[in-house]
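>>> Just to be clear, the model below is a prediction. Sequence and coordinates:
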Amino acid sequence: MPSSTSPDPISRRRRALSLWPLTLPLGGVAMAREAPHTAAWPRRAIHITVAYPPGGVSDQMARALAEVLAADLGVPVVIENKAGASGTLALELLVRRPADGYSLCFVAATAIALRAQAANHRGVALRAALPVAGVMRTPILVVGTRSLGVDGFARMVDRARQSPGSVRWATTGEGTTGYAVLDRVRRASRTEIVHIPYKGGGQQLLDALAGHFEVLSTNVASAQLEDIAAGRLVALAVGAPVRLRVLPDTPTLAELGYDDANLDSLFGLFAPPDLPEALADRLNRAVAAALETPALQSRLRSMSNLPFEGSADAFAQQIAREARR
């Protein structure tokens, strides 16, 4: 039995989430407990719900991870997509599912914060999804389309300042990291940039290539990088700690003077809140091992993503920092 001075890992994870500046009610969440027959898990297919449409960087990574996990665990790992409400729809479904290790959700930390904010706004109790394993950090790419008509981030801001409403900036919806970048740039530059929300990155990219708006912010992915290399899109800035190796001439938002907007996306796996500790630890070890395989290392590098390095506790602490951010 854990002592009062050394809480069990899942309790620490829940405590990290409860320290958000958002009042995140955790009432009714059971303490971690050992489930019978844990040693026999898994005995059937595991289902991972990706909280975004097919084809995007998160979907691609979740599917690559599922392949490696299936080989390690010896059971099928099935991917289903349940997009909506900037990732929070899949989380709402997850917390209602059995906490038996067979239902997981692949989602960004921003969706966790957004769901908590909405719950607090409505004044309702919220059951928090359990952080199981961090998977990757994805830089945010800000690009201009053929409709922008100017080169460089500073000139884009100048256009927005001189002609209010003339710059339309697309994201995959309020509450996403791409939207947070837009909002912080807009506030810092005191410009009237029009927000164009999309439900997913696929249609957003098609409309960008057609010039239906001037700017978009999106998770960096091979498709966007190919369009930049071909001259169909223009890289304006990246949200990342340092410049990307594939875009050495593209400055970070911090370099451009927008430190608060220099954001990336943190993705990981979550489980229903009552998942037994033994299963949570087993899943965490499996994901950590998968991220060290050459296949996933290569996939992450090809997408200019970084693997998350750290324990489930570290993942929960990082989620709390993301929420404060």
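Nice, thanks for sending it over. None of the values given here were measured: they were computed from a predicted structure.

>>> Surely Val50 is in contact with Lys82?
Yes. At 7.3 Å, Val50 and Lys82 qualify as touching, with contact defined as Cβ atoms under 8 Å. Glycine gets a C-beta too; all of them are placed from N, C-alpha and C.

>>> Neighbour count: these two, which is higher?
Val50 (25 against 18; other Cβ atoms under 10 Å).

>>> residues touching the more buried one, list them.
Each residue near Val50 by Cβ atoms under 8 Å, 6 or more residues apart in numbering is listed here: Ser58, Asp59, Ala62, Ile79, Glu80, Asn81, Lys82, Ala90, Cys105, Phe106, Val107.

>>> again, 10 Å this time
Taking Cβ atoms under 10 Å, 6 or more residues apart in numbering, we find Val50 in contact with 56, 58-63, 66, 79-83, 87, 90, 105-107, 267.

>>> what bridges to it?
Beta bridges link Val50 to Asn81, Phe106, judged by DSSP bridges.

>>> ok, it to Val132 distance?
In this view, Val50 and Val132 are 15 Å apart by Cβ to Cβ, to the nearest Å.

>>> Equivalent analysis for Glu80, please.
For Glu80 relative to Val132 (Cβ to Cβ), the value is 17 Å.

>>> do the same with Gly239
From Gly239 to Val132 the distance is 25 Å (Cβ to Cβ).

>>> what's the answer for Ala254, then?
Counting by Cβ to Cβ - Ala254 and Val132 are separated by 31 Å.

>>> what about those two, which has more around it?
Just comparing Ala254 and Val132: by other Cβ under 10 Å the higher neighbour count belongs to Val132, 27 against 17.

>>> Three-state assignment for the residue nearest to Leu306 when sequence neighbours are not counted, please.
In space, Leu306 comes closest to Arg137 once its chain neighbours are excluded; the distance is 4.7 Å by Cβ to Cβ, 6 or more residues apart in numbering. At Arg137, secondary structure determined by DSSP: H, G, I helix; E, B strand; the rest coil is strand.

>>> Hmm, Gln318 and Arg137 touching each other?
Yes. Between Arg137 and Gln318 there is a contact at 9.2 Å, judged by Cβ atoms under 10 Å.

>>> shared neighbours, the two?
With Cβ under 10 Å, 6+ apart, Arg137 and Gln318 have common neighbours Ala109, Leu266, Gly268, Phe308.

>>> Can you tell me the SS state at the residue nearest to the last one when sequence neighbours are not counted?
Leaving aside its sequence neighbours, Phe308 sits nearest to Gly134 (Cβ to Cβ, 6+ apart; 3.1 Å). Of the three states, Gly134 takes strand under three-state DSSP.

>>> show me what contacts Gly134?
Counting by Cβ under 10 Å, 6+ apart, Gly134 has contacts 109, 266-269, 284, 287-288, 291, 307-312, 314-316, 318-319.

>>> Give me the buried entries from those residues.
109, 266-269, 284, 287-288, 291, 307-308, 311-312, 315-316, 318-319 (16 or more other Cβ atoms under 10 Å).

>>> Give me the subset of those lying in strands.
Counting by DSSP state E, the buried ones among the contacts of Gly134 place Leu266, Phe267, Gly268, Leu269, Pro307 in strands.

>>> Report the two of the residues you listed separated the most.
By the measure Cβ to Cβ, Leu269 and Pro307 form the most distant pair in these, at 13.1 Å.

>>> burial count for Asn262?
21.

>>> what sits against it?
Per Cβ under 10 Å, 6+ apart, neighbours of Asn262: 139-140, 181, 184, 237-241, 252-256.

>>> For the residues you listed, name the two members farthest from one another.
Maximum distance among the contacts of Asn262 (Cβ to Cβ): 16.5 Å, for Arg184 and Pro241.

>>> Now do the helices in the stretch 1-150 of the chain.
9-18, 57-73, 88-94, 109-122 (DSSP state H, counting those that start in this stretch).

>>> got TSV for these, with mean pLDDT and distance to Pro273 too?
Shown next, in TSV, are the helices of the stretch 1-150 of the chain (pLDDT from 0 to 100; distance: least, Cβ to Cβ, whole Å):
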stretch	mean pLDDT	distance to Pro273
helix 9-18	54	8
helix 57-73	94	21
helix 88-94	92	9
helix 109-122	74	12
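
>>> Below-threshold pLDDT in the stretch 201-325 of the chain: ranges please.
Scanning the stretch 201-325 of the chain for pLDDT under 70 picks out 325.

>>> Strands along that one, start to end?
Applying DSSP state E, counting those that start in this stretch to the stretch 201-325 of the chain gives strands spanning 215-219, 234-239, 264-271, 306-307.

>>> Mind giving me the packing neighbours of the shortest one?
Using 3 or more Cβ pairs under 10 Å, 6 or more residues apart in numbering; DSSP states H and E, the elements in contact with strand 306-307 are strand 130-144, helix 277-291, helix 294-302.
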